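Chemist: The sequence isn't on hand, but the structure is:
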């Protein structure tokens with residue numbers, strides 16, 4: 001037993017010596033690392049707090065600009081948005097730029113499209129905001145561009161799984177309808193109408209567009225028959241025109257009633273009620289006289 005105790009004590013002493021040696025060699029480095037970690041965590045927390053304060057201030061500025069624009073103070077609101085677009089933090093510069101592009105839309109559509117395109121192509125902007133800017137440009141180009149312009153901005157957003165696919169499909173469908181590509185437009189609007197996930201407003205507009213296309217060009221695959229129906233309707237009109245002269249044919253006897261106008265001359269014959277036979281009857285009574 002004494003040997004076991006002695007061996008344990010020796011082992012304990014050896015371990016302590018190793019620990020002392022490690023501490024002498026690496027203790028200061030470990031302390032420095034611990035201090036650095038604490039300082040880094042503290043600095044990161046302070047930086048986050050500072051950023052949150054800046055974001056709150058930028059949010060207030062954006063709300064103030066929106067209120068000024070709603071009150072008709074366009075110049076003051078635009079000035080705040082321009083400052084925010086250059087000195088804001090997080091997503092606020094991109095939001096301010098989108099708001100400025102929206103302001104330009106009423107008077108300068110080309111400038112508005114360029115503003116939306118600049119945001120969509122900015123790698124420093126969050127991807128969801130870039131997609132929203134691309135979709136906004138596509139909607140503007142429905143009335144101010146070509147089908148190819150709209151497709152270039154919205155087609156990648158129209159695939160399954162994209163959050164903005166419904167708006168992108170609607171924009172492409174409208175551009176196709178405006179360009180005269182009615183079958184492509186019908187396909188996009190029908191897809192929107194049949195998709196259970198389509199927002200109610202977009203689904204309602206898609207249904208109206210499908211009805212409009214079918215009213216103007218017939219159901220799907222029936223464009224040619226729809227064009228033939230006007231001719232068919234024209235044919236009955238021609239038939240009716242040809243038959244209406246036939247109706248006068250029986251009217252040809254109408255002269256007979258005109259000749260019957262002498263028939264009133266027969267009316268004088270009733271004037272023959274001067275039926276002298278009536279006075280003759282008194283003559284027959286004369287024999288009794």
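Modeler: Perfect, I can see it now. In this text, all values refer to a predicted model and were calculated from it rather than measured experimentally.

Chemist: my guess is residue 118 meets residue 100, correct?
Modeler: No: under the criterion of C-beta atoms under 8 Å, residue 118 makes no contact with residue 100, lying 10.5 Å away. Just so you know, the C-beta spots here come from the backbone N, C-alpha and C atoms, and that holds for glycine as well.

Chemist: centroid residue for this protein?
Modeler: In the chain, the C-alpha nearest the mean C-alpha coordinate belongs to residue 170, at 4.7 Å (C-alpha atoms, centre = their mean).

Chemist: mind checking how far the residue nearest to that one when sequence neighbours are not counted is from residue 104?
Modeler: Once flanking residues are discounted, residue 170 sits nearest to residue 202: 5.4 Å by C-beta to C-beta, 6 or more residues apart in numbering. As defined by C-beta to C-beta, to the nearest Å, residue 202 lies at a distance of 25 Å from residue 104.

Chemist: check contacts around residue 103.
Modeler: Neighbouring residues of residue 103 by C-beta atoms under 8 Å, 6 or more residues apart in numbering: 69, 74, 78, 81.

Chemist: Among those residues, which one has the most neighbours?
Modeler: Neighbour counts for the contacts of residue 103 (other C-beta atoms under 10 Å) peak at residue 81, which has 28 neighbours.

Chemist: Which parts of the stretch 151-289 of the chain are helices?
Modeler: 165-179, 182-194, 200-217, 223-246, 248-251, 255-259, 263-266, 268-271, 277-285 (DSSP state H, counting those that start in this stretch).

Chemist: Show me the shaky parts of the protein.
Modeler: 1-3, 6, 221-289 (pLDDT under 70).

Chemist: biggest helix in it by residues?
Modeler: Counting residues, the longest helix in the chain under DSSP state H turns out to be helix 2-70.

Chemist: Wait, residue 131 touches residue 157, no?
Modeler: Yes: taking contacts as C-beta under 8 Å, residue 131 lies within contact range of residue 157: 5.9 Å.

Chemist: Give me the common contacts of these two.
Modeler: Residues touching both residue 131 and residue 157 (C-beta under 8 Å, 6+ apart): residue 164.

Chemist: The residue lying closest to residue 210 once chain neighbours are set aside: neighbouring residues, count only.
Modeler: Residue nearest to residue 210 in three dimensions, not counting chain neighbours: residue 189, with 4.9 Å by C-beta to C-beta, 6+ apart. Neighbours of residue 189 under the rule other C-beta under 10 Å: 27.

Chemist: Now do residue 189 against residue 48, distance only.
Modeler: From residue 189 over to residue 48 the distance is 47 Å, taken as C-beta to C-beta.

Chemist: Also residue 16?
Modeler: Using C-beta to C-beta, we find residue 16 at a distance of 43 Å from residue 48.

Chemist: What sits closest to residue 121 if chain neighbours are left out?
Modeler: residue 130 (7.6 Å).

Chemist: what sits against that neighbour?
Modeler: 119-122.

Chemist: now residue 203
Modeler: Taking C-beta under 8 Å, 6+ apart, we find residue 203 in contact with 192-193, 195.

Chemist: run the last query once more with 10 Å
Modeler: 166, 170, 189, 192-197 (C-beta atoms under 10 Å, 6 or more residues apart in numbering).
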